[in-house]
Structures are given as C-alpha cells and as structure tokens.
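K.L.:
fold the following, please.
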Amino acid sequence: EVQLVESGGGSVQAGGSLRLSCAVSGFAFRDVAIGWFRKAPGKEREEVSCIFNTDGKIYYIDSVKGRFAISNDRAKNTVSLQMNELKPEDTAVYFCAASTHLGCGGDFTTWGQGTQVTVSS
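P.N.:
Numbers count the residues shown, from 1 in each chain. Next up is the predicted model:
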C-alpha cells in the first residue's frame, strides 16, 4: 500500500523550531520526490520544499530559505523538514506528498493526512 504519514507538528512561539517527518511506504524510496506543502486558512496551498531522492536536488520557497532544511534518510524511508526561526506566518497544516515521475517538477499524486503547525507571536 502506498502511504505517507506525517508527524512532528505542534505549537511553538515565534523563533522556535519544529521538525516534521514523513514516513514513506509502498514506493521505491530512491525513485520518488517528496514535497512538503502547507495550507493556511484563507490562503492557497503552497509548496514549501521538495527533495528528489534520486539525485538529491532540493527546492525551497523563498520565504523559508535559510530557515527550513529538508533531508532524507534512506535507511528509514523518511523525509524530514527541520523548521527553525519559525514565524507566525508559518502557521498552517503541513502535508507531505510524493511525485513518482519527473521529480519535484512532476505531479504529486499521493498525500499524507497533514499535521498542524501553529506559531504564536
């Protein structure tokens, strides 16, 4: 069964850190790209970061560059998003998703259930 399961959300004060993890199963881990997306109330969903496991290429949205870091653990089939210097505008439900064709530029067809991140000022 193809499945993505997020963990690690929570509530922090501005300037704090959280680490999100995405457990990947049912895919050939090295062949997929895993993206982290977020959806805040009243805003469109946006892609925050992505890593293509095949070649390690990484993408970040401008607003998180220098604060967030995506990484993969091939032994555990997980992709993590380390979020530092969190801001209230980072508050959202965060989802991981998998793209099995064309890396981070492809369609993300499998999604996790989401995890809430709340940053208070």
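K.L.:
the chain: strands as residue ranges?
P.N.:
3-7, 10-13, 18-25, 33-39, 46-52, 58-60, 68-73, 78-83, 92-99, 110-111, 115-120 (DSSP state E).
K.L.:
columns mean pLDDT on top of those, output as a markdown table?
P.N.:
Shown next, in a markdown table, are the strands of the chain (pLDDT from 0 to 100):
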| stretch | mean pLDDT |
| --- | --- |
| strand 3-7 | 96 |
| strand 10-13 | 98 |
| strand 18-25 | 97 |
| strand 33-39 | 98 |
| strand 46-52 | 97 |
| strand 58-60 | 97 |
| strand 68-73 | 97 |
| strand 78-83 | 98 |
| strand 92-99 | 97 |
| strand 110-111 | 96 |
| strand 115-120 | 98 |
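K.L.:
TSV please, covering those strands and showing mean neighbour count.
P.N.:
C-beta coordinates here come from the backbone N, C-alpha and C atoms, glycine included. Below are the strands of the chain laid out as TSV (neighbours: other C-beta atoms under 10 Å):
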stretch	mean neighbour count
strand 3-7	17
strand 10-13	13
strand 18-25	19
strand 33-39	23
strand 46-52	21
strand 58-60	16
strand 68-73	17
strand 78-83	22
strand 92-99	23
strand 110-111	16
strand 115-120	17
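K.L.:
residues near the nearest residue to Leu4 once chain neighbours are set aside, how many?
P.N.:
Nearest residue to Leu4 in three dimensions, chain neighbours excluded: Gly112, at 3.8 Å (C-beta to C-beta, 6 or more residues apart in numbering). For Gly112, the tally of surrounding residues (other C-beta atoms under 10 Å) stands at 22.
K.L.:
hey, what's the residue positioned nearest the centre of the chain bridged with?
P.N.:
Nearest to the geometric centre of the chain sits Trp36, at 2.4 Å (C-alpha atoms, centre = their mean). Beta-bridge pairing for Trp36 (DSSP bridges): Ser49, Cys96.
K.L.:
list the contacts for the residue nearest to Leu4?
P.N.:
Taking C-beta atoms under 8 Å, 6 or more residues apart in numbering, we find Gly112 in contact with 4-6, 22, 95-97.
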